[in-house]
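**Student:** no sequence on this one, just coordinates:
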């Protein structure tokens with residue numbers, strides 16, 4: 001799905017104005033990447049980033065929790081395995097430039113994200129794949145690339161029709177948030193069935209399955225970090241933008257930000273166990289129902305990064321299975337049990353908000 005990357009943090013407009021990039025913009029695109037300081041991350045660049053002082057990344061410039069990635073941490077710490085070393089330099093630069101705008105999108109984009117969460121869960125996909133729509137279009141339904149990709153998921157006409165969307169002069173369902181999300185979910189599921197690696201799925205979504213297959217053949221590897229330079233630069237950077245956006249929104253990673261090999265090393269569940277001492281400082285409680293992470297964070301005042309570390313893939317696991325072993329600190333668990341009814345009520349409102357709109 002060849003197209004120019006769209007990075008936007010502006011709220012979608014009701015007016016369907018064209019955002020087609022001019023021919024002049026196409027010529028300047030490579031220069032655009034160079035001026036922003038996002039060349040491919042090489043081992044040398046990584047070594048330089050590790051040797052730099054961690055104090056250069058301040059708490060105000062980056063989301064809380066992200067700076068821990070630049071500190072010396074135990075091997076059992078999730079951050080070490082969640083963010084590949086070769087991504088650190090790129091992610092830091094991306095967050096410095098786009099972190100503030102993307103964090104604003106976390107609020108105004110909530111109805112879109114909640115709808116996408118529900119659709120992705122229907123297809124058994126990680127909810128974090130919704131961040132692909134952020135880097136594809138900035139969540140804009142009227143986004144149009146120079147190559148002709150349209151909508152929040154930036155479908156090309158042929159791919160859109162292949163996945164059941166109507167694309168004619170009078171009707172273009174690529175701009176329909178719900179229908180295009182369903183189509184994107186099926187497409188992402190098909191890509192994962194072939195590559196079994198979410199980073200390669202992101203690369204294939206951007207540059208096409210054929211180019212990922214060629215990169216695997218040329219490199220002799222099916223690991224993104226070992227074949228990345230065999231991919232088109234745009235597709236390689238698209239993967240890193242996805243990882244960076246994920247960290248801006250969740251201050252952590254998930255199974256979508258690691259390779260298949262890394263996931264297999266961590267075990268079949270794809271989770272990094274908590275250190276024993278940290279387990280002893282927390283309490284678990286089996287829950288059932290339709291609770292939402294955001295509601296629990298609000299009423300228990302739990303730190304977002306801490307909640308994600310204790311409860312990986314909370315929303316999608318609870319949605320898929322109907323039950324979850326919730327882990328919180330004693331203080332936050334007390335707040336959860338005391339405010340359980342309010343949390344459940346707000347969770348329901350979060351789930352239904354996009355339907356009402």
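**Tutor:** Great, that's in hand. Everything quoted here is computed from the prediction, not taken from an experiment.

**Student:** C-alpha from now on. contacts and neighbour counts both.
**Tutor:** Noted.

**Student:** got a list of what the nearest residue to residue 187 once chain neighbours are set aside touches?
**Tutor:** Leaving aside its chain neighbours, residue 187 sits nearest to residue 163 (7.1 Å; criterion: CA to CA, 6 or more residues apart in numbering). Residues counted as contacts of residue 163 (CA atoms under 8 Å, 6 or more residues apart in numbering) are 183, 184, 186, 187.

**Student:** Residue 290 contacts residue 321, correct?
**Tutor:** No. Applying CA atoms under 8 Å as the test, residue 290 and residue 321 come out as separate, 10.4 Å apart.

**Student:** Where does pLDDT dip in the stretch 51-200 of the chain?
**Tutor:** 51-83 (pLDDT under 70).

**Student:** can we see that at 50?
**Tutor:** 51-81 (pLDDT under 50).

**Student:** quick one: the strands in the stretch 251-357 of the chain?
**Tutor:** Taking DSSP state E, counting those that start in this stretch, the strands of the stretch 251-357 of the chain run over residues 283-288, 323-328.

**Student:** So which of those has the densest surroundings on average?
**Tutor:** Comparing those by mean neighbour count (mean count of other CA atoms under 10 Å), strand 323-328 comes out on top with a mean of 19.

**Student:** Show me what that strand is packed against.
**Tutor:** strand 283-288, helix 304-310, helix 314-321 (3 or more CA pairs under 8 Å, 6 or more residues apart in numbering; DSSP states H and E).

**Student:** Now do the buried residues in stretch 223-230.
**Tutor:** For stretch 223-230, a neighbour-count test (16 or more other CA atoms under 10 Å) marks 223, 224, 225, 227, 228, 229, 230 as buried.

**Student:** circling back: looking at residue 290 and residue 321, which has the bigger crowd around it?
**Tutor:** Taking other CA atoms under 10 Å, residue 290 and residue 321 do not tie; residue 290 has more neighbours (17 against 10).

**Student:** ok, that one - contacts?
**Tutor:** Residue 290 neighbours (CA under 8 Å, 6+ apart): 318, 319, 322, 344, 347, 348.

**Student:** what's the spacing between it and residue 315?
**Tutor:** 9 Å (CA to CA, to the nearest Å).

**Student:** before we move on, what about residue 236?
**Tutor:** Here residue 236 is placed at a distance of 29 Å from residue 315 (CA to CA).

**Student:** And those two? Which one has more around it.
**Tutor:** More crowded of residue 236 and residue 315, by other CA under 10 Å: residue 236, with 24 against 20.

**Student:** surely the more buried one meets residue 203?
**Tutor:** Yes. Residue 236 lies in contact with residue 203 (CA under 8 Å); the separation is 6.6 Å.

**Student:** So in the protein, which helix runs the longest?
**Tutor:** Longest helix of the chain, by residue count under DSSP state H: helix 88-108.

**Student:** now for it, which elements pack on it?
**Tutor:** Using 3+ CA pairs under 8 Å, 6+ apart, helix 88-108 sits against helix 43-51, helix 233-250.

**Student:** what comes up buried for stretch 305-321?
**Tutor:** For stretch 305-321, by 16+ other CA under 10 Å, it's 305, 307-319.

**Student:** Could you do stretch 209-219 as well?
**Tutor:** Per 16+ other CA under 10 Å, stretch 209-219 contains these buried residues: 209, 211, 212, 213, 215, 216.

**Student:** phi, psi of the last one?
**Tutor:** Geometry field for residue 216 lists phi and psi as phi -60, psi -40, criterion degrees, to the nearest 10.

**Student:** show me what contacts it?
**Tutor:** Applying CA under 8 Å, 6+ apart, the residues contacting residue 216 are 222, 227.

**Student:** Give me the pLDDT value at it.
**Tutor:** At residue 216, the pLDDT value in this model is 95.

**Student:** again, but for the fourth one
**Tutor:** The predicted local confidence for residue 213 comes out at a pLDDT of 96.

**Student:** how near is it to residue 221?
**Tutor:** 10 Å.

**Student:** would you say residue 165 is within a helix?
**Tutor:** No. In this structure, residue 165 is coil, not part of a helix, as judged by DSSP: H, G, I helix; E, B strand; the rest coil.

**Student:** Check the burial of it by counting its neighbours.
**Tutor:** Residue 165 has 22 nearby residues by other CA under 10 Å.

**Student:** cool, and residue 189?
**Tutor:** By other CA under 10 Å, 18 other residues sit near residue 189.

**Student:** Please list all residues in contact with it.
**Tutor:** Contact analysis of residue 189 by CA under 8 Å, 6+ apart lists 123, 125.

**Student:** Helix or strand: which one has it?
**Tutor:** Assigned by DSSP states H and E, residue 189 belongs to helix 177-195.

**Student:** what's the helix or strand just after that helix packed up against?
**Tutor:** Downstream of helix 177-195, the first helix or strand assigned by DSSP H and E is helix 198-207. Counting contacts by 3+ CA pairs under 8 Å, 6+ apart, helix 198-207 is packed against helix 177-195, helix 209-219, helix 233-250.

**Student:** What lies in contact with helix 198-207?
**Tutor:** If you take CA under 8 Å, 6+ apart as the criterion, helix 198-207 is touched by 1-3, 132, 188, 191-192, 195, 210-212, 223-224, 232, 234-236, 238-239, 242, 255-260.

**Student:** do stretch 332-345 as well
**Tutor:** With CA under 8 Å, 6+ apart, stretch 332-345 has contacts from 283, 290, 291, 295, 296, 299, 300, 301, 302, 327.

**Student:** Much appreciated, bye for now.
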